[in-house]
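>>> Below: sequence and its predicted model.
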Amino acid sequence: MSRLTRLTILSAMTLGLVACGGAKLGGGKEGAAQAAFQASQPAGRGSQTAQSLVKDALASGAATISVKANCAKGGTVSLSLDSTAGTEVGAIGYTVTYDACNEDGKNEYNGTMTTAMTFDIDVTGDNVNAALTVAMKGKLTIDGEVSDFVDANVKMTMNVSATSTHAGSVSLVVDGTIKTSEGSYTYAKETISVTAGELPKA
């Protein structure tokens, strides 16, 4: 085999290996918030089950309880709920473990987040609005069309219905910091609009 042929084959193999990895997360500050929001969705949905379970746990004298929630497109999140955790009044504290959690059919999250959730219900006449605040601290890897990480210490407030939204625009109020390979972003109770059901690519 000639040297030129060997180099051509090696180059093709190298390109093939590069193509196997996904793109980096794009979108700057909004993209980082979008990735954190997507990570919050299954935990937010699971918390609605876990919140009812915590009442049973407290009634039985149990200090901790665990519940597993399915992600929209495969994989799971496991919520280990600690009713004695030192979270703010009215909040429920969890350790959330992501196992190939796929919310958009394209990307999987793995890792662990310490999470606290609070609900705020506002009744005005016949209108009932329920807001969910998710506080997340920890680091997750993303694998798929996007290959990156999300290192967050952030609070996100959204309408409860956002946890089941996988298309269109979602409004978030974001407070804290989020790091990705693209940079570190600080939010000061900023209102940010993100697109549900996808992650931006660099």
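Arrived safely.

>>> What distance do you get for the residue nearest to Lys24 when sequence neighbours are not counted to Thr115?
The spatially closest residue to Lys24, leaving aside those adjacent along the chain, is Ala202, at 4.2 Å (CB to CB, 6 or more residues apart in numbering). In this view, the C-beta of every residue, glycine as well, is placed from N, C-alpha and C. Per CB to CB, to the nearest Å, Ala202 is found 27 Å from Thr115.

>>> Looking at those two, which one has more neighbours?
Thr115 (26 against 14; other CB atoms under 10 Å).

>>> ok, what's across the strand from the more buried one?
Assessed by DSSP bridges, Thr115 has beta-bridge partners Tyr94, Met136.

>>> pLDDT wise, what is it at?
Note for Thr115: predicted pLDDT of 86.

>>> The closest residue to Glu198 other than its chain neighbours: neighbour count?
In space, and not counting its chain neighbours, Glu198 is closest to Asp104: 5.7 Å by CB to CB, 6+ apart. As a burial measure, Asp104 scores 20 neighbours (other CB under 10 Å).

>>> Kindly report the same for the one 4 residues further on.
Residue crowding around Glu108 was assessed by other CB under 10 Å; the count is 21.

>>> Quick check: it touching Ala100?
Yes: checked against CB atoms under 8 Å, the pair Glu108 and Ala100 is within contact range at 4.6 Å.

>>> Which neighbours do the two have in common?
Residues touching both Glu108 and Ala100 by CB atoms under 8 Å, 6 or more residues apart in numbering: Gly74, Gly75.

>>> Show me the beta-bridge partners of Ile178.
Per DSSP bridges, the residues bridged to Ile178 are Ala152, Tyr185.

>>> And it, what's its pLDDT?
So Ile178 comes in at 98 (pLDDT).

>>> Quick check, it in contact with Phe149.
No: the criterion here is CB under 8 Å, and Ile178 misses it with Phe149 at 10.4 Å.

>>> Between those two, tell me which one has more neighbours.
Comparing Ile178 with Phe149 by other CB under 10 Å, the one with more neighbours is Ile178, at 24 against 19.
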